[in-house]
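Novice: Provided below are the primary sequence and the corresponding predicted coordinates.
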Amino acid sequence: MAELLVVATPIGNLADFSPRAREALERADLICAEDTRVTLKLLNHFSLKKPLLSYHRHNEEARAEPVIARMLEEDLTVALVSDAGTPAISDPGQQLVDAAWRAGIPVTPVCGPCAAVTAISASGFNAREYVFAGFLPREKKPLREKLQALRKTGVPVAVAYESPHRVRDLVAEFGALYPTCPVLAACDLTKKFELLLRGLPAEIVAALDANPKADKGEYTVVFDFSSLPAEEEPLAPQRSAAEWMLAALLDGASFDEAAARAQEHCPRNEVYRAKLRVREMLEKLGAED
Ligand code: SAM
């Protein structure tokens with residue numbers, strides 16, 4: 001009978017490849033792999049030989065249904081793996097798993113490493129509840145809004161994946177909003193040079209700045225909001241769109257530049273209203289001259 005095995009693989013340390021995961025790959029007729037070259041290395045290391053089919057985020061949509069059709073037709077046991085960690089967690093896989101459910105094919109999770117859960121477990125933060133945020137927005141304004149939205153959920157802990165090139169700016173941005181909230185930046189978990197940095201955002205930024213190799217490796221970042229009172233607003237000063245515009249005008253910006261500055265911080269409709277008010281005010285001032 002067809003079966004889909006969702007198999008977690010190591011996130012850096014091959015010793016974390018479980019006997020059950022090995023057994024699952026041995027049992028599979030076919031392995032759907034995010035990058036067949038990466039999975040081939042894993043198979044070679046464990047002296048396993050299996051047919052591989054590439055299954056990544058660019059072909060996932062097109063490939064899920066044909067794989068399911070083949071599974072049903074040929075009674076195949078298929079293993080789904082990603083390059084590292086648990087499939088379908090910020091990785092390809094969800095569509096195949098969903099298609100298997102819809103086709104009535106049994107789905108068996110073969111659990112194992114996951115960077116998010118590993119980082120939380122080592123954080124010491126009270127993650128009785130946590131939000132998994134995946135990869136956060138790259139742009140400053142959406143990032144800030146997302147961090148604020150995470151805080152507003154009221155869930156004490158959030159965890160995110162980040163590239164080594166942006167981790168410093170992420171922690172700095174978080175620190176601008178929530179300077180008293182501890183952070184764990186976990187780099188290269190389970191690997192030889194694993195590095196866990198825990199502290200206030202400013203301390204983590206300083207540690208990253210002091211480390212010439214900080215822009216290498218893989219990072220998972222855990223945020224602890226639990227010290228903030230339930231209703232407290234972010235500690236960073238909050239300006240209205242009109243205030244952003246006036247501050248920019250006082251700095252010598254043109255009207256359009258001032259509106260653009262406000263747009264970086266405030267919603268479009270608020271900036272629109274601020275533009276009308278500020279223009280009216282400027283016209284009045286002009287009339288009084
Ligand atoms: N599905 C994977 C899992 O279960 O952990 C996550 C895949 S996601 C595409 C890859 C991201 O996970 C990396 O960019 C990094 O942010 C994080 N990550 C993966 N391995 C890591 C490690 N060893 N240490 C810290 N973070 C890691």
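Specialist: In hand now; what should we look at?

Novice: next, Val7: phi, psi?
Specialist: When read as degrees, to the nearest 10, the backbone of Val7 gives phi -110, psi 120.

Novice: report the secondary structure element holding Gly124.
Specialist: For Gly124, there is no enclosing helix or strand under DSSP states H and E.

Novice: how about it, what does it touch?
Specialist: Residues counted as contacts of Gly124 (Cβ atoms under 8 Å, 6 or more residues apart in numbering) are Leu184, Arg198. The C-beta positions use only the backbone N, C-alpha and C, and glycine is treated the same way.

Novice: relative to Val157, how far out is it?
Specialist: Going from Gly124 to Val157 by Cβ to Cβ, to the nearest Å gives 11 Å.

Novice: tell me which parts of this structure are close to the ligand?
Specialist: Residues of the chain lying close to the ligand (Cβ under 6 Å from any ligand atom) are 11-12, 82, 84-86, 89-91, 114-116, 161-162, 186, 188-191, 218-220.

Novice: out of these, which are buried?
Specialist: Using 16 or more other Cβ atoms under 10 Å as the burial test, the residues of the chain next to the ligand include 11-12, 82, 84-86, 89-91, 114-116, 161-162, 186, 188-190, 218-220 as buried.

Novice: just the ones in helices from those, please.
Specialist: Among these, the members found in helices (DSSP state H) are Ala115, Ala116.

Novice: in whatever helix or strand Ala24 lives in, which residues are buried?
Specialist: Taking DSSP H and E as the definition, one finds Ala24 inside helix 19-27. By 16+ other Cβ under 10 Å, the buried positions in helix 19-27 come out as Ala21, Arg22, Ala24, Leu25.

Novice: save the residues you listed as TSV, and put in distance to Arg279 and pLDDT too.
Specialist: Formatted as TSV, the entries for the buried residues of helix 19-27 read as follows, by distance: Cβ to Cβ, whole Å; pLDDT from 0 to 100:
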residue	distance to Arg279	pLDDT
Ala21	64	98
Arg22	69	98
Ala24	66	98
Leu25	66	98
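
Novice: all the helices of the chain, residue numbers only.
Specialist: Along the chain, counting by DSSP H, helices occupy 19-27, 36-45, 60-74, 94-102, 115-121, 140-152, 167-177, 201-210, 241-250, 255-265, 268-288.

Novice: Leu195 is nearest to which of those helices?
Specialist: Closest to Leu195 of the helices of the chain is helix 201-210 (Cβ to Cβ; 9.1 Å).

Novice: tell me which residues touch the residue lying closest to Val131 once chain neighbours are set aside, please.
Specialist: In this structure, Val131 finds its nearest non-sequential neighbour in Ala158, 4.5 Å apart by Cβ to Cβ, 6 or more residues apart in numbering. The neighbours of Ala158, taking Cβ under 8 Å, 6+ apart as the test, are Tyr130, Val131, Phe132, Ala133, Leu150, Val222, Phe223, Phe225.

Novice: now do Leu195
Specialist: Ala186, Cys187, Asp188, Gly217.

Novice: can you tell me which of the residues you listed is nearest Lys50?
Specialist: Asp188 (28.1 Å).

Novice: which residues touch the closest one?
Specialist: Gly12, Glu194, Leu195, Gly217, Glu218.

Novice: cool, Ile68 as well?
Specialist: Leu96, Ala99, Ala100, Ala103, Ile105.

Novice: residue ranges in the protein under the pLDDT threshold?
Specialist: The chain contains residues with pLDDT under 70 at 231-237, 287-289.

Novice: again, only using 90
Specialist: For the chain, the stretches with pLDDT under 90 are 229-240, 243-244, 247-248, 250-253, 261, 263-268, 281-289.

Novice: now, of the contacts of Ile68, which are buried?
Specialist: The buried subset of the contacts of Ile68 (16+ other Cβ under 10 Å) comprises Leu96, Ala99, Ala100, Ile105.

Novice: and the residue nearest to the last one when sequence neighbours are not counted, how many neighbours?
Specialist: Counting by Cβ to Cβ, 6+ apart, Ile105 lies nearest to Ala2, which is 4.9 Å off, once chain neighbours are set aside. Ala2: 19 surrounding residues under other Cβ atoms under 10 Å.
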